[in-house]
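**Student:** Compute the structure for the input listed below.
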Amino acid sequence: MANPKRRHSKARRDKRRAHDALRIPGLSRCPNCQEWKPPHRMCPACGHYKGREIKSIEESV
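**Tutor:** The predicted structure is shown next:
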């Protein structure tokens with residue numbers, strides 16, 4: 001197997017890793033309760049998806 005003859009510099013290493021950072025996940029507002037939720041998912045706060053209730057969420061007070 002091939003082995004490197006010389007060590008790669010820190011700049012070269014960091015240029016390669018420039019695109020490895022984690023991105024912030026995209027969020028959208030729930031049209032029913034205005035809470036932030038992942039797109040194309042049921043709202044965890046109110047249980048609605050595409051204008052209908054999928055899961056009933058009880059208030060815990």
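
**Student:** Please count neighbours and contacts with C-alpha atoms only from this point.
**Tutor:** Fine.

**Student:** ok, residue 51 touching residue 32?
**Tutor:** Yes. Look at residue 51 against residue 32 with C-alpha atoms under 8 Å: they come within range, at 7.4 Å.

**Student:** and those two? which has more neighbours close in?
**Tutor:** A direct count of neighbours by other C-alpha atoms under 10 Å for residue 51 and residue 32 places residue 32 higher, at 16 against 9.

**Student:** start to end distance for stretch 21-29?
**Tutor:** 25 Å (C-alpha to C-alpha, to the nearest Å).

**Student:** My error: substitute stretch 3-23 in the last question.
**Tutor:** Stretch 3-23: ends 33 Å apart by C-alpha to C-alpha.

**Student:** what is the rounded mean pLDDT of it?
**Tutor:** Average pLDDT, stretch 3-23: 94.

**Student:** Now do the SS call for the residue nearest the centre of the chain.
**Tutor:** For the chain, the residue nearest the mean C-alpha position is residue 25 (2.5 Å; C-alpha atoms, centre = their mean). Secondary structure for residue 25, judged by DSSP: H, G, I helix; E, B strand; the rest coil, is coil.

**Student:** how about the strands in the protein?
**Tutor:** In the chain, the strands defined using DSSP state E lie at 28-29, 36-37, 48-49, 52-53.

**Student:** Of the ones you listed, which stretch is the most buried?
**Tutor:** Among these, strand 48-49 has the highest mean neighbour count (mean count of other C-alpha atoms under 10 Å), at a mean of 19.

**Student:** That one pairs with which strands?
**Tutor:** Take DSSP bridges as the rule and strand 48-49 pairs in its sheet with strand 52-53 (antiparallel).

**Student:** hmm, who's touching the partner strand?
**Tutor:** residue 47 (C-alpha atoms under 8 Å, 6 or more residues apart in numbering).
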